[in-house]
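Engineer: the following comprises the amino acid sequence and a computationally predicted model.
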Amino acid sequence: MIPHYIGDSTPDPGSTGLDNMDPWAHIIGGGLSGLSLASSLAKLGNLPGQVVVSEPNLDALVSKTFSFWFTAAEENFLKPEFSSDTWTLSTNDLQVTQQGSCFRYGTRTGRNVLEAALRAIDLHPQIRIVKEAVHAQPKASHCFDSRPCNIDSFELTQSFFGTEVLFDQPHGISQIGLMNEIQRITNGIRFIYTLPMGPHRLLVEHTDFVTTPSDFSILKDLNERYLQQHFDASRFRITRMETANIPMGFTHQSINWGTPLGARGGMTRDATGYGYRTIRYACDVIAKDLVKYNSIKPYRRFKMTDWADQLFLNLIKQRPDVIPNTLLQIANKMSPDRFAAFMMMRSPIDLIHMFRAAPVKPFTCALLGRYQWI
């Protein structure tokens, strides 16, 4: 049971009437980005006005998992529950194992994110969560829109099905299976992601980077087959499942009700889908600017990042057959810390290191638009 108080849209007959006034800030959506902004505001003391978070189903966050690379200096802010300094990538022919020095790969559960945000919000008298769906832009001095984008606007889709299992004995897995058994499929690529979440829990995901969303039932069956092949079925039981279709670029802009947050606001990486770290830091900056200046600057990605990601997306669409070996060559030639920084795209310099490691022909032909030459 998650302890929290959720208000509703029905006025309290005994209220002072303040609840009927337009709020200073209205956050649409109580997912990762909406709650990140609300919890950052909750840490800033007295606010210029009331803050409302509208979310019809808070518990949806419980089924999610967030992963990211982090440094020791970032640990207290990003709060990983589990972490490893080693990760692997593989195809049927080659495996690359990397061990970070400055970077670790961290994971935080949606339940932990939700509980921490609700504790911070519950302690702040000016912030409340309303259990409601919003169907038009609310009246507020500042409105933030973290609604999921329509899937028909995705340029490519990252479709995945995750199966979390609990073992009766330690599973003995300490390294992250980041992208294993990478292979071409009809409309993109597929790989297996294995994530240890403590000594007895393991999350297995089959993930597709595809031009059209995948059938979750197929990915679920692949998870079950993988578990049966690698583990004794009597040793574990399934405790949780999660699915998602994550945007990898957009074909057109969505109509935003105020300042966009999360994937809608460009806070997830088009080429990889990673967004937790960016969302947490971006929402913290937005909260501080909002209180200090009563205005904010929407989050903006580096233009070089968008350009490089588009190049990669075009390669997936046009020549998915070259992607597995390309990814393995990049991982093999980059240092683990450089690779981790590039996957998060912390700086445009990371892009330079990637191109130095990448095979020349695929990216040169992609730049020229001559995919048939690869």
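Structural biologist: Noted; the coordinates are in hand. Numbers count the residues shown, from 1 in each chain.

Engineer: next, count neighbours for T86.
Structural biologist: Per other C-beta atoms under 10 Å, the neighbour tally for T86 reads 15. Heads up, the C-betas are built off the backbone N, CA and C, glycines and all.

Engineer: what residues are up against it?
Structural biologist: T97, Q98, Q99, G100, S174, Q175, I176 (C-beta atoms under 8 Å, 6 or more residues apart in numbering).

Engineer: ok, so of those, who is nearest H135?
Structural biologist: Using C-beta to C-beta, the shortest approach to H135 within the contacts of T86 belongs to I176, at 40.6 Å.

Engineer: could you give the backbone dihedrals for the closest residue to the closest one other than its chain neighbours?
Structural biologist: Excluding the flanking residues, the one nearest I176 by C-beta to C-beta, 6 or more residues apart in numbering is W87, at 4.0 Å. Backbone torsions for W87, taken as degrees, to the nearest 10, come to phi -140, psi 160.

Engineer: how about the helices in the stretch 101-250 of the chain?
Structural biologist: Here the stretch 101-250 of the chain has its helices, by DSSP state H, counting those that start in this stretch, at 110-122, 216-230.

Engineer: mean neighbour count, those helices: which tops it?
Structural biologist: helix 110-122 (a mean of 19; mean count of other C-beta atoms under 10 Å).

Engineer: re earlier: out of the helices of the stretch 101-250 of the chain, which is closest to A136?
Structural biologist: Ranking the helices of the stretch 101-250 of the chain by their distance to A136 (criterion: C-beta to C-beta) puts helix 110-122 first, at 24.0 Å.

Engineer: other SSEs contacting that closest one?
Structural biologist: For helix 110-122, the packing partners by 3 or more C-beta pairs under 8 Å, 6 or more residues apart in numbering; DSSP states H and E come out as helix 32-42, strand 65-70, strand 127-130.

Engineer: export these to a markdown table and tack on mean neighbour count, mean pLDDT and distance to T163?
Structural biologist: Compiled in a markdown table, the helices and strands packed on helix 110-122 are given as follows (neighbours: other C-beta atoms under 10 Å; pLDDT from 0 to 100; distance: least, C-beta to C-beta, whole Å):
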| stretch | mean neighbour count | mean pLDDT | distance to T163 |
| --- | --- | --- | --- |
| helix 32-42 | 26 | 98 | 21 |
| strand 65-70 | 23 | 97 | 12 |
| strand 127-130 | 21 | 97 | 30 |
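
Engineer: now those in TSV, with distance to E224?
Structural biologist: Below are those laid out as TSV (distance: least, C-beta to C-beta, whole Å):
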stretch	distance to E224
helix 32-42	28
strand 65-70	19
strand 127-130	36
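
Engineer: and the helices in the stretch 251-374 of the chain?
Structural biologist: 276-293, 303-318, 323-333, 336-344, 348-357, 360-368.

Engineer: pick the most buried one from those helices.
Structural biologist: Of the helices of the stretch 251-374 of the chain, the one with the most neighbours on average (mean count of other C-beta under 10 Å) is helix 336-344, at a mean of 22.

Engineer: helix/strand/coil for the spatially closest residue to P138 that is not a sequence neighbour?
Structural biologist: Leaving aside its chain neighbours, P138 sits nearest to H26 (4.2 Å; criterion: C-beta to C-beta, 6+ apart). Counting by DSSP: H, G, I helix; E, B strand; the rest coil, the backbone at H26 sits in strand.

Engineer: would a markdown table of the helices of the stretch 101-250 of the chain with distance to C143 and mean pLDDT be doable?
Structural biologist: Converted to a markdown table, the helices of the stretch 101-250 of the chain look like this (distance: least, C-beta to C-beta, whole Å; pLDDT from 0 to 100):
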| stretch | distance to C143 | mean pLDDT |
| --- | --- | --- |
| helix 110-122 | 18 | 97 |
| helix 216-230 | 33 | 97 |
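
Engineer: thought the residue nearest to P138 was touching D145?
Structural biologist: No - using C-beta atoms under 8 Å, H26 makes no contact with D145, being 9.5 Å away.

Engineer: what touches both of these two?
Structural biologist: Any residue near both H26 and D145 by C-beta under 8 Å, 6+ apart counts here, and that gives G258.

Engineer: now tabulate the helices of the stretch 101-250 of the chain in CSV and tack on distance to I185.
Structural biologist: Conversion of these to CSV gives the following (distance: least, C-beta to C-beta, whole Å):
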stretch, distance to I185
helix 110-122, 28
helix 216-230, 10
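
Engineer: so which of those helices comes closest to G265?
Structural biologist: Closest of the helices of the stretch 101-250 of the chain to G265 is helix 110-122, at 17.8 Å (criterion: C-beta to C-beta).

Engineer: quick one, that closest one and helix 32-42 angle?
Structural biologist: 30 degrees (axes from the mean of the first three to the mean of the last three C-alpha atoms, to 10 degrees).

Engineer: what's the spacing between P125 and R225?
Structural biologist: According to C-beta to C-beta, to the nearest Å, P125 stands 52 Å off from R225.
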